[in-house]
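J.: Using only what follows, build the 3D model:
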Amino acid sequence: MSQPADVGPVRERHRFDEDALGSYLRANADGFDGEVRIGQFAGGQSNPTFLVESGGARYVLRKKPPGKLLPSAHAVDREYRVMKALAETDVPVPQMVVLCEDEAVIGQMFYVMACVEGRIFRDATLPDMEPGERAAIYDSMNDTMAKLHKVDYEAVGLGDYGRPGNYIERQTARWIKQYEASKTDEIPSFDALVDWLPKNIPPGEDTSIAHGDFRLENMIFHPTEPRAVAVLDWELSTIGHPLADLGYNVQGFYMPQASGAVGGLGSSPAGIPSVQEYAATYAERTGRDRIENLDFYIAFSMFRMAAIVQGIVMRAKQGNASSDNAADVGKMVKAIADAAWRLAQGS
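T.: Numbering: from 1, shown residues only. From the prediction side, this is the model:
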């Protein structure tokens with residue numbers, strides 16, 4: 001069984017006691033009855049992610065990063081819980097294997113899930129595909145997001161997974177605090193958003209499971225079909241506003257030009273729907289006549305993204321960022337905040 005192209009040796013700062021992990025899995029998880037082999041996935045800015053092989057089967061381990069962490073960040077236990085709860089719904093998620101909250105085992109809390117075979121598209125422009133394939137992949141992403149937002153979260157045991165109501169207000173306050181906790185430079189556009197967002201929150205409060213990081217790169221697609229087979233990276237999920245997910249999902253159209261982002265304020269390669277078309281399809285699937293105040297939700301999502309990226313900057317300076325390119329990613333904070341402020345001013 002060949003190793004995936006994006007898996008390499010465990011990076012030095014993320015090494016842990018692999019023998020201790022093997023002993024724990026053999027004692028606590030089905031399918032582990034021999035030696036375990038560990039590799040590390042190249043991606044993952046927040047929670048380091050590892051390929052675990054044992055007995056001819058493959059699994060994925062996600063754990064908190066080493067070092068001092070921001071409050072409430074890197075919630076791998078929440079990732080495990082929400083995916084386990086969604087297992088019986090029509091939202092595609094990997095099968096959960098075990099959650100280990102005992103930090104004494106490998107140094108940080110972690111969970112293990114089944115490895116889902118398929119394709120991950122890290123470039124949202126899908127440059128090597130025909131227009132029809134792009135359209136089908138984006139439609140599947142749209143359909144999957146709509147299915148998530150229609151899940152009865154109380155019925156699947158997630159009634160206490162978050163506080164319903166005032167989600168945007170609470171999230172705005174949260175990310176302002178997170179940004180201040182990791183701030184390194186003055187960014188005028190970010191300060192402007194801090195003032196503008198609380199004053200422009202749209203009325204009404206829809207409530208659903210909100211993924212919090214719903215984008216193409218966080219999905220696995222069937223090896224040959226344009227069909228989503230798993231949604232990944234649920235660290236930021238909660239009970240929240242579904243349109244925050246939609247705003248985040250389309251923010252790539254408004255981001256500064258960068259590899260892997262659609263960019264260009266509403267423009268898109270052939271086959272990829274416009275923001276307006278994409279939002280209209282989502283509205284139909286979720287029983288809405290139209291999407292009100294979409295520009296606000298996009299600006300809010302970009303504001304939150306700028307705060308998240310600023311956290312990567314801080315972790316890079318501390319030397320415990322998960323991805324090797326964290327310092328380069330950090331340079332995007334001002335550009336994202338600037339773009340979000342331009343959108344807010346025109347909304």
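J.: Let me see the mean pLDDT of stretch 298-310.
T.: Average pLDDT, stretch 298-310: 91.
J.: CA atoms only: put that stretch into PDB for me.
T.: Taking Å, rounded to 0.1, in the frame of the first residue of the first chain, the C-alpha atoms of stretch 298-310 are listed here in PDB:
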ATOM      1  CA  ILE A 298     -18.900  37.400   3.800                       C
ATOM      2  CA  ALA A 299     -17.200  40.400   5.400                       C
ATOM      3  CA  PHE A 300     -17.800  38.800   8.800                       C
ATOM      4  CA  SER A 301     -16.200  35.600   7.600                       C
ATOM      5  CA  MET A 302     -13.200  37.400   6.200                       C
ATOM      6  CA  PHE A 303     -12.800  39.300   9.500                       C
ATOM      7  CA  ARG A 304     -12.700  36.000  11.300                       C
ATOM      8  CA  MET A 305     -10.300  34.500   8.800                       C
ATOM      9  CA  ALA A 306      -7.900  37.400   9.400                       C
ATOM     10  CA  ALA A 307      -8.100  36.700  13.200                       C
ATOM     11  CA  ILE A 308      -7.400  33.000  12.600                       C
ATOM     12  CA  VAL A 309      -4.400  33.700  10.300                       C
ATOM     13  CA  GLN A 310      -3.100  36.100  13.000                       C
END
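J.: Could you list the residues in contact with it?
T.: 168, 171-172, 175-176, 178-179, 182-184, 187, 190, 193, 197, 244, 247-248, 250-251, 254-255, 329-330, 332-333, 336-337, 339-341, 343-344, 347 (CB atoms under 8 Å, 6 or more residues apart in numbering). Using the backbone N, CA and C atoms, a C-beta is placed for each residue, glycine as well.
J.: which residues of this protein score low on pLDDT?
T.: 1-3, 5, 43-45, 67-74, 257-267, 320-330, 347 (pLDDT under 70).
J.: the domain parsing of it - what is it?
T.: Per the record, the chain has its domains at 7-114, 131-346, by automatic domain parsing.
J.: To Asp123, which of the ones you listed lies closest?
T.: Ranking the domains of the chain by their distance to Asp123 (criterion: CB to CB) puts domain 131-346 first, at 4.5 Å.
J.: thinking again about what came up before, would you mind giving the domains of the chain as a markdown table with distance to Ala124 and mean neighbour count added?
T.: Supplementary listing: the domains of the chain in a markdown table, determined by distance: least, CB to CB, whole Å; neighbours: other CB atoms under 10 Å:
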| stretch | distance to Ala124 | mean neighbour count |
| --- | --- | --- |
| domain 7-114 | 14 | 17 |
| domain 131-346 | 5 | 19 |
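J.: Include distance to Arg122 when you put these into TSV, please.
T.: Conversion of the domains of the chain to TSV gives the following (distance: least, CB to CB, whole Å):
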stretch	distance to Arg122
domain 7-114	7
domain 131-346	5
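J.: circling back to that earlier point, strands - which of the contacts of stretch 298-310 land there?
T.: Of the contacts of stretch 298-310, none are assigned to strands by DSSP state E.
J.: how about the most centrally placed residue in the chain, phi and psi?
T.: Compute the mean C-alpha point of the chain, and by CA atoms, centre = their mean the closest residue is Asp213, 3.2 Å away. Asp213 has phi and psi values of phi -150, psi 40 when expressed as degrees, to the nearest 10.
J.: circling back to that earlier point, out of the domains of the chain, flag the one nearest Ile120.
T.: domain 131-346 (5.8 Å).
J.: For the closest one, measure first residue to last.
T.: Start-to-end span of domain 131-346 (CA to CA, to the nearest Å) is 31 Å.
J.: didn't Met332 look like it was pressed against Val313?
T.: No. Counting by CB atoms under 8 Å, Met332 does not reach Val313; the two are 9.5 Å apart.
J.: Could you check how far the nearest residue to Glu18 once chain neighbours are set aside is from Val116?
T.: Take Glu18 and drop its neighbours on the chain: the residue closest to it by CB to CB, 6 or more residues apart in numbering is Ile38, 5.3 Å away. As defined by CB to CB, to the nearest Å, Ile38 lies at a distance of 18 Å from Val116.
J.: just Ala339 next, same as before
T.: 33 Å.
J.: Check Val93 too.
T.: Look at Val93 and Val116: by CB to CB, they are 9 Å apart.
J.: Also Ile106?
T.: For Ile106, the distance to Val116 under the criterion CB to CB works out to 23 Å.
J.: swap in Asp19?
T.: Counting by CB to CB, the gap from Asp19 to Val116 is 27 Å.
J.: the helices in this protein, which residues?
T.: For the chain, the helices identified by DSSP state H occupy 18-28, 76-85, 131-149, 167-182, 188-199, 242-250, 275-285, 294-318, 326-330, 332-346, in order along the chain.
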